[in-house]
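>>> Have a look at this prediction, sequence included:
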Amino acid sequence: MIGSPRARRAAALLVCYGIIGAFMVFFLFPPYWMAVTSLKTNQEIESLEGIPLIIQKGATLKHYVDLFTKTDFLVYLKNSVLVTIPTVLISMVISVMAAYALSRLGFVGAGLIGTGVFLVYLVPDSLLFIPLFKVIGGLGLLNSKWSLLVVYPTAIVPFCTWLLIGYFASIPRELDEAALVDGANHFQMLVRIFLPVAVPGLIAATIFAFTVSWSGFLYPLAFIFSSSEQVLTAGTVTSLIKGDVYHWGGLMAGALLASLPPVLLYAFLMDYYISGLTAGSTKA
Amino acid sequence: MEQTGRRQFLKTTAAGAAAAGVVGFPRVSRGAGKLALGLWDHWVPGANAVLKGIIEDWGKANKVEVTIDFITSIGNKLQLTGAAESRAGAGHDILAFSTWDGTFYKDKLEPMNDVADAVIKKYGPYNENAMYLNRQGGKWVTLPSPIGSHTYPLETRMDLWKKHAGIDVQAIFPADAKKRDKKKVDAWDWKMFLEGAKKVHAAGFPVGASIAENTDSNDWLGPLFATYGSFPMDEKGNITIASDATLAAIDYLKQLVQYMPKDIYGWDDASNNRWLISGKGSAVFNPPSAWTVAKRDRIEVAAQVWHHDAPRGVKGRFRGSLPFTWGVWGFGKNKAAAKDLLLHLSQKEQQWKTITASQGYDVPQTVAFSSHPVWTEIEPPKGGQYNSPVRGDERLIVAGWPAKQEIAAQIYSKWLLPIMVGKITSGGTAPKEAVKWAAGELEGYKRG
Amino acid sequence: MSPDTAAVHAASPARVAPARARLLVHLRSRSAVGVVMTLPLILLIVGLVAYPFVYAIYLSLLNKRETAFVGLDNFRFLLTRDTFWLVVQTSFLFTSLAVVWKAILGLVLALVIHTLPPRGQRVWRGLSLIPWVMPLALSSLGWWWIYEPTHSALNWVLVLLGFSPKSWLADPFWARFSVILVNIWYGTPFFMITYLAGLKSIPQELYESSAIDGANAAQRLRHITLPMLKNIIAITLLFSTIVTLATFDIVRVLTRGGPRQWTHLFGTYAFELGIASGDVPLGAAVSLFMFPILAVSAFFILRGIRRSTS
């Protein structure tokens, strides 16, 4: 080949960064474009002159201010938070208990349940939402954000359970027996021995639960109609569009802000998430 | 009649109708004295607030606690609400339905015969279109709603058409029906429209009309086919789409689309509004919503917008419409109060207020109410909205007419006409083949 | 107490006999506790997944007005509809193209990032996750703006480079392209991160010894990397097939199935039939067509997982 090993390695690195650069443009252009639009004035957004990819006529925070003062954005934000936190807690509790039981407390049908849990993922929400109208209605939760509390765990718990089973299964049985001998009951065993070992998995599972709750779209679209109950995703898509003239600046501002919490969460906890996911899967 | 209604309602309240206290929604079912309404989120700025005020005043006067949700029709949200509530057997007491949606749930809705009869007795008949939509099998399954009901005249930039096409729409359709020149009006047919469209297209200001899966498309294509004498199905259930009239209409459309932007195949209900407001479009088939927003954001465009009749075809003149209806759920706990409120809203007093608030967008379905002054007075331009209600010889219809309502509802909601036309004008399918496909679809709609 | 102490404790002879008795007691109650702890999961699945699923099957066997039982007639009817076959074609095309491209792009990016010095990888790994982390319905809104007919940023760039602008959402071909592109944008990070983890678990010695044998980069890829990643590739492909087939958000926001039904997937078509035109049984029937495909994929996934763990 051409040149010294050093030159070749430099060339290889150059190619690598070139490829990474291309991917970065692909991945990051949409959020960039959303951000730029959200900071432009309405006139600049509408006008077809100039270079649209940058802000040429002065940036403005007007869209963000209008978002908070003239739309229901804050209501949606409040609802998203109120839905997500309990959903994550409930899902984690159910998953941890089930994972512990399925990996440790062998009982008739445990294997079957384990497989059955996985099969749940085959039933997409675009199939379930129609019959779920009846269930949600029967519970009196139609048009209430608490309907999401009931349906989101169905999408979260199977994956989290599966993930945690991987961690719990790797804990040596001798530890169980020793603790049992010492008089620990199952609950204490779970809390003192299992959970600490599974921390990466727990973090990964929690982040997953958060993302599913925060991003859910079909269910809130189907079950919630009042603005006062709606969450960020469905609210931004359906209600921030006022009639005929799409206010793209405001829409992009809303979409971007609503996307921020998961992104921030991942930014800080990314390493845990990745190690939690991958370690767990190889263990399973 | 209003007195009797109120007395009836008061009787029910006194009886202490307490409902199964369901958790969450709707809170109304805790007992009589509460009403929950799901109403259409009006596109005209300010209209919602006026309606809300009227309803709340009524609530205070009658000691009924009213809650109102304004639900958008974008993204089928209003439709979704109807579907969800009918399945769940729980929801608002009164729900607004767009065109055919009430028909889907007619078995779950409370008949409105008493209210409809009362309104007709006092103010005269509803228009033909309203009768067709709401009165099915001798029963008023829903009540015609004045709120949001609109028609699809042509919303034209009269300056652009005068300058580039040499056609003065203001002169042909002045703001006074008596001043119409019959010869000029008769000359306004599809041929004249096509020639005008060609010229404005050449000047850079094309006409735009959607051919996609949205109500706007149904609401101009349905009437266009009707003016040629082409109908998908007749009242008896015979599939009549495969006719020479259909082919003639298709032939016309093939020519017309050459002078329209390519994006019409991807338009949604708001696209033609934006097209007109941007200043690029010279005419759209639309109610005055584009004009109202232009008045707020681009007054120089609004001042040049004239609303007028659609062109004439060999079989007459038809205009599209999107009427709204009100339905009272059979599972509601406060049906007497609901009917009382709807009767109240149908009174001239209230309709006068809501029509004004809608800046002329709402066209009432009681024939006599077209005498409201808003359409002659609102400006700019003065008289521009006069022809928003039908003043001439146009027949107001919805796509799917005159088929039996269950089937017409499917013709409309499955976008049969726009898809068929799109296959031909955009997909290159041969007209006869596309019509054959449509006939096959119609056969399928007959399934119970 | 720490595990070690416990072990020592347990082993001491003085404690063995009563310990065994206690163990037996515990063993008997283990099942009971196990069942109790799994109960919420079971209730959740039975009440909110199994029951609705069965109810959906029941619905699909009814007539439109839901007054009579018609057996498989809804399914038979769908099979006679051109539109339905279009949905099948779109779903197949969408899923296969999107999944394959996500896998390829994910692998390429993973390989490239993997070759960087370890400390430098972190930032690229993080940035790459952004598409996947943003709620899909909201990023679809951003894409909608990118494809907007009059103001499309993409068209502006295309025109700049001398190409003609495209009707991204109004032309059937380009509409399909647009929807697939968004799915690829959204899903590639997941593949990348999984493959990256897989790459890290390949022992360096294998590469070193092959380098001594004179293998070049391409050969190393073919003979070491890919075989080692075989299981992970299979599992991600199958998982992604399931998830991609059930796509709803992207199509719903961008095209709502149009133009002329050319971008409808099973989920969105079921939504339109069931909600927009009031034929819930037919909508349910459409959704159920997804199930056999998903079941077959699941079978292979389960087999793959069992193989990789044994």
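Looks like it came in fine.

>>> only C-alpha atoms for contact and neighbour calcs from this point on.
Will do.

>>> what about stretch A:128-146, distance to the chain center?
Put simply, stretch A:128-146 sits 22 Å off its chain's centre (C-alpha atoms, centre = their mean, to the nearest Å).

>>> which residues touch that stretch?
Contacts of stretch A:128-146 with the rest of the structure, by C-alpha atoms under 8 Å, 6 or more residues apart in numbering or on different chains, involve A:79, A:83, A:147, A:219-220, A:222-226, A:229-231, B:22-26, B:84-85, B:87-91, C:48-49, C:52-53, C:55-56, C:274, C:280, C:284.

>>> which among these end up buried?
Using 16 or more other C-alpha atoms under 10 Å in any protein chain shown as the burial test, those include A:79, A:83, A:147, A:219-220, A:222-226, A:229-231, B:22, B:24-26, B:84-85, B:87-91, C:48-49, C:52-53, C:55-56, C:274, C:280, C:284 as buried.

>>> Chain C versus B:F331, what's the distance?
Counting by C-alpha to the nearest C-alpha, to the nearest Å, the separation of B:F331 from chain C is 18 Å.

>>> domains in chain C, as residue ranges please.
Listed by automatic domain parsing, the domain ranges of chain C are C:3-60, C:74-309.

>>> Which stretch among the ones you listed is buried most, on average?
For the domains of chain C, the largest average neighbour count (mean count of other C-alpha atoms under 10 Å in any protein chain shown) is found in domain C:74-309, namely a mean of 19.

>>> Tell me which of the contacts of stretch A:128-146 fall in strands.
Counting by DSSP state E, no part of the contacts of stretch A:128-146 is found in strands.

>>> picking that back up, could you tell me the least trusted of the domains of chain C?
Per-stretch averages of pLDDT across the domains of chain C put domain C:3-60 at the bottom, with a mean of 71.

>>> who's in contact with residue 232?
No chain in the question, so chain A it is. Residues near A:L232 by C-alpha under 8 Å, 6+ apart: A:F73, A:Y76, A:L77, A:N79, A:S80, A:W214, A:A258.

>>> oops, chain B please
So B:P232 contacts B:I239, B:T240, B:I241, B:G400, B:A403, B:A439, B:L442 (C-alpha under 8 Å, 6+ apart).

>>> and those residues, which are buried?
For the contacts of B:P232, a neighbour count by 16+ other C-alpha under 10 Å gives the buried set as B:I239, B:I241, B:G400, B:A403, B:A439, B:L442.

>>> Export these to TSV and append columns for pLDDT, distance to A:E177 and secondary structure.
Formatted as TSV, these follow (pLDDT from 0 to 100; distance: C-alpha to C-alpha, whole Å; DSSP: H, G, I helix; E, B strand; the rest coil):
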residue	pLDDT	distance to A:E177	secondary structure
B:I239	94	77	strand
B:I241	94	78	coil
B:G400	91	74	strand
B:A403	93	76	coil
B:A439	95	73	helix
B:L442	94	70	helix
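
>>> Tabulate these in a markdown table, adding columns for distance to A:P131.
Output for the buried ones among the contacts of B:P232, formatted as a markdown table (distance: C-alpha to C-alpha, whole Å):
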| residue | distance to A:P131 |
| --- | --- |
| B:I239 | 34 |
| B:I241 | 36 |
| B:G400 | 30 |
| B:A403 | 31 |
| B:A439 | 32 |
| B:L442 | 28 |
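
>>> How confident is the prediction for A:E49, by pLDDT?
For A:E49, the predicted pLDDT is 72.

>>> before we move on, what about B:R7?
As predicted, B:R7 sits at a pLDDT of 43.

>>> Show me what stretch B:359-367 is in contact with.
B:44, B:123-127, B:130, B:144-151, B:287-289, B:292, B:351, B:354-355, B:370, B:374-375, B:378, B:385, B:388-389.

>>> Any idea how far apart the tips of that stretch sit?
Counting by C-alpha to C-alpha, to the nearest Å, you get 18 Å between the two ends of stretch B:359-367.

>>> mind listing what's buried in it?
For stretch B:359-367, a neighbour-count test (16+ other C-alpha under 10 Å) marks B:Q359, B:G360, B:Y361, B:D362, B:V363, B:P364, B:Q365, B:T366, B:V367 as buried.

>>> Contact residues of the stretch 51-200 of chain C facing chain B?
Residues of the stretch 51-200 of chain C lying near chain B by C-alpha under 8 Å from any C-alpha of the partner chain: C:N63, C:K64, C:R65, C:R81, C:P149, C:S167, C:L169, C:A170, C:D171.

>>> which residues touch the last one?
For C:D171, the residues meeting the contact criterion (C-alpha under 8 Å, 6+ apart) are B:D263, B:Y265, B:G266, C:P259.

>>> Among those, which one lies nearest to B:F331?
Taking C-alpha to C-alpha as the measure, B:F331 lies nearest C:P259 of the contacts of C:D171, at 38.0 Å.

>>> Serialize the buried residues of stretch B:359-367 to a markdown table and add fields for secondary structure and distance to C:S210.
Formatted as a markdown table, the buried residues of stretch B:359-367 follow (DSSP: H, G, I helix; E, B strand; the rest coil; distance: C-alpha to C-alpha, whole Å):
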| residue | secondary structure | distance to C:S210 |
| --- | --- | --- |
| B:Q359 | coil | 79 |
| B:G360 | coil | 80 |
| B:Y361 | coil | 77 |
| B:D362 | coil | 78 |
| B:V363 | coil | 81 |
| B:P364 | coil | 83 |
| B:Q365 | coil | 83 |
| B:T366 | strand | 87 |
| B:V367 | helix | 89 |
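
>>> could these be laid out in CSV, adding pLDDT?
Shown next, in CSV, are these (pLDDT from 0 to 100):
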residue, pLDDT
B:Q359, 89
B:G360, 87
B:Y361, 90
B:D362, 92
B:V363, 92
B:P364, 90
B:Q365, 92
B:T366, 91
B:V367, 89
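
>>> which intervals of chain A have sub-threshold pLDDT?
Applying pLDDT under 70 to chain A flags residues A:1-3, A:106-108, A:241-246, A:272-284.

>>> Verify the stated contact: B:F193 with B:R312.
No: using C-alpha atoms under 8 Å, B:F193 makes no contact with B:R312, being 9.5 Å away.

>>> Excluding chain neighbours, what is closest to B:Y132?
Nearest residue to B:Y132, sequence neighbours excluded (C-alpha to C-alpha, 6 or more residues apart in numbering or on different chains): B:Q405, at 7.8 Å.

>>> Next, count neighbours for that neighbour.
21 (other C-alpha atoms under 10 Å in any protein chain shown).
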